[in-house]
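Engineer: Using only what follows, build the 3D model:
(chains A and B, ligands or ions: 2)
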Amino acid sequence: MSTAAQIVVQDLRLAYGHKEVLHGISFDIRRNEIFGVIGPAQSGKTSLLRCLNRTIDFTPDTRVTGSVLVDGEDVRQTRNVFALRRKIGMVAPLPVGLPMSIYDNVAFAPRCAGMSRKSELDGIVEQCLRQGALWDEVKDRLDSLGTKLSGGQQQRLTIARALSHQPEILCLDEFSIAIDPVTTMRIEDVLKELRRNMTIILVTNLTQQARRLADRTLFLWKGAIVELDRSEVIFSDHPGNRQTYEYVNGIFG
Amino acid sequence: MMFTETPLVRRKLRQERLAKWIFFGMTASMIIPLVLIVGYLVERAWPSLSLSFLVDVPARGMKEGGVWPALVGTIYLVVLSLAVSAPVGVLAAVYLNEYARDNWFNRIINLAVINLAGVPSIVHALFGLGAFVYAARFGYSIISASLTLAIMTLPVIIASTREALASVPRSFREACWNVGATRWQTIKAVVLPNSISGILTGIILQVSRAAGETAPIMFTGAVFFKAVDKGDLFPYGLREQCMALSMHLYTLSTQVPGVKESVPFATAVVLLGSVLVVNATAIILRGYLRSRKKW
Ligand SMILES: Nc1ncnc2c1ncn2[C@@H]1O[C@H](COP(=O)(O)OP(=O)(O)O)[C@@H](O)[C@H]1O
Ligand SMILES: [Mg+2]
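Structural biologist: Ligands and ions are numbered 1, 2, ... in the order given. The predicted structure is shown next:
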């Protein structure tokens, strides 16, 4: 694992209207690491991800200051946000199968990017569904609706879709919140596979999941960083901050 | 004995049954006026009802004959007015629902749309007279009347289209944005295909409204009488005036002495019948498209 920073966040502040929810946080994420983000609900984890791929733009009345560099380029200055979003795959907490065929779900992003050759699309669809551990279950019915799959299958479809635009960074936002433990474990295996050539940001409500997967873990609380360290330290008996210990061990006040 | 009926449970069950019947009764009573209206009209119109009543022209100073010129005129007005208001309304609704930010300008537009929907038709009539007949120099014509009807139906089409668009969950849009789709790509791929049934239904329901209004066309382009050949499908030029069913009904009932008694009623049956046919089409279409609903 290289230690070069791929994402550098500097003094990032975010306010919805008058309510500031990220209070000037700074950290960096290294290439090809799994970067865990833990913290109670409402602490700003989702908002942070939405600043990375600029989907925060779709929420009216927000104010962002500070900078987010991805491969040295400030995402807030970038002219081509669509290319930025393709570089960062995003998986939302609730599975979303789009109301189109399974094939089209995965081919959608490449088509939006201008790809139209059937053979190329076929290749991407198969590769991404395989990566998402869904191929074997759906290969015979690629033209049935993505919305009619089970929740766990839809979440894997969502992951396949997030991979379809060949991102270098994959963000997962509490991906296991609405799916069964078996599917969760399957997806965790998928992530272990993907980490070889991808940077993964794993926001999770299950602290044990971060412990299992993340190289480093950030503990975010009320829009501020409590602690960021290697996961062995965060989940040890003596992390740098007593709050971290209490949160990880479920005795958070 | 946990499952025995206590007096309290029995009373609750009685109330439940009573409530259900009251609600059912109120619902069922809505059918009564419709049945009475249709029954009364058809009964009075009976002597004149026939297929030839549709394609015949009025005869003997409108005292007898059919409704062909008025029927064709109404079709002209409805088709032309919706040809204007449907595209404008749908595009405006897409803008308001998918692109517009919550700023003062768009809030004013929203307010305007809501208030425009509440403007009485007689006021639309006056506006159409001033704007299209005089200011735009279209004169008393099918164009003026259609544009007036278009203005009248526009806000309702905007409202119903917005409702249809809003019924597509936001999570679908977010999923598209997350993979780098533009707003327009998202609208094309997900929003419009899944709201089209609601959009079409909203538009079709405005057909009956445009067909039924009298005041707006009376002020701007409808006439008492126009000589037209029996069954002629293209009797009117766009700069000419035309007859229309609603206006024709008014004329027969109030302006022409000695009309054969069943003729106005038959005219009403034609008007009501065409409206019911169009609305039924809307309902069937909606049912069909809903049955293919994708989530
Ligand atoms: N669209 C929004 N508009 C206003 N406030 C929001 C919006 N989204 C999130 N917030 C607020 O931002 C804070 C952080 O929320 P979020 O980023 O969703 O936290 P988390 O993902 O850690 O649960 C919360 O207080 C929440 O109420
Ligand atoms: Mg969240």
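
Engineer: export stretch B:38-56 as CSV, just CAs?
Structural biologist: Only the C-alpha atoms of stretch B:38-56 are listed here, as CSV (Å, rounded to 0.1, in the frame of the first residue of the first chain):
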residue,chain,number,x,y,z
VAL,B,38,-77.6,11.6,-17.6
GLY,B,39,-81.0,9.9,-17.3
TYR,B,40,-82.9,13.2,-17.5
LEU,B,41,-80.9,14.5,-20.5
VAL,B,42,-81.2,11.3,-22.5
GLU,B,43,-84.9,11.0,-21.8
ARG,B,44,-85.7,14.5,-23.0
ALA,B,45,-83.3,14.2,-25.9
TRP,B,46,-84.5,10.9,-27.1
PRO,B,47,-86.6,12.0,-30.1
SER,B,48,-83.6,13.7,-31.6
LEU,B,49,-80.9,11.2,-30.8
SER,B,50,-79.5,9.4,-33.8
LEU,B,51,-76.2,9.2,-35.6
SER,B,52,-77.4,11.7,-38.2
PHE,B,53,-77.9,14.3,-35.4
LEU,B,54,-74.1,14.3,-35.1
VAL,B,55,-73.3,14.9,-38.8
ASP,B,56,-76.3,17.0,-39.9
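
Engineer: quick one: average confidence on that stretch?
Structural biologist: Averaged across stretch B:38-56, the pLDDT comes to 94.

Engineer: now swap in stretch B:7-23 and tell me
Structural biologist: Computed over stretch B:7-23, the average pLDDT equals 93.

Engineer: Just the CA trace of it, in PDB.
Structural biologist: As requested, C-alpha coordinates have been extracted for stretch B:7-23 and formatted as PDB (Å, rounded to 0.1, in the frame of the first residue of the first chain):
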ATOM      1  CA  PRO B   7     -69.300  -5.400  26.000                       C
ATOM      2  CA  LEU B   8     -66.600  -2.800  25.200                       C
ATOM      3  CA  VAL B   9     -65.300  -4.800  22.200                       C
ATOM      4  CA  ARG B  10     -68.900  -5.300  21.000                       C
ATOM      5  CA  ARG B  11     -69.500  -1.600  21.100                       C
ATOM      6  CA  LYS B  12     -66.300  -0.900  19.200                       C
ATOM      7  CA  LEU B  13     -67.300  -3.400  16.500                       C
ATOM      8  CA  ARG B  14     -70.700  -1.800  16.200                       C
ATOM      9  CA  GLN B  15     -69.200   1.600  15.800                       C
ATOM     10  CA  GLU B  16     -66.800   0.300  13.200                       C
ATOM     11  CA  ARG B  17     -69.600  -1.200  11.100                       C
ATOM     12  CA  LEU B  18     -71.600   2.000  11.400                       C
ATOM     13  CA  ALA B  19     -68.700   4.200  10.400                       C
ATOM     14  CA  LYS B  20     -68.000   2.000   7.400                       C
ATOM     15  CA  TRP B  21     -71.600   2.200   6.200                       C
ATOM     16  CA  ILE B  22     -71.800   6.000   6.600                       C
ATOM     17  CA  PHE B  23     -68.600   6.400   4.500                       C
END
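
Engineer: Could you report the neighbour count for B:Thr6?
Structural biologist: 8 (other CB atoms under 10 Å in any protein chain shown). Heads up, the C-betas are built off the backbone N, CA and C, glycines and all.

Engineer: should've said A:Arg161
Structural biologist: For A:Arg161, the number of neighbouring residues by other CB under 10 Å comes to 29.

Engineer: Quick one: check stretch A:147-158 for contact with chain B.
Structural biologist: Yes: Stretch A:147-158 reaches chain B (CB under 8 Å from any CB of the partner chain) through A:Thr147, A:Lys148, A:Thr158.
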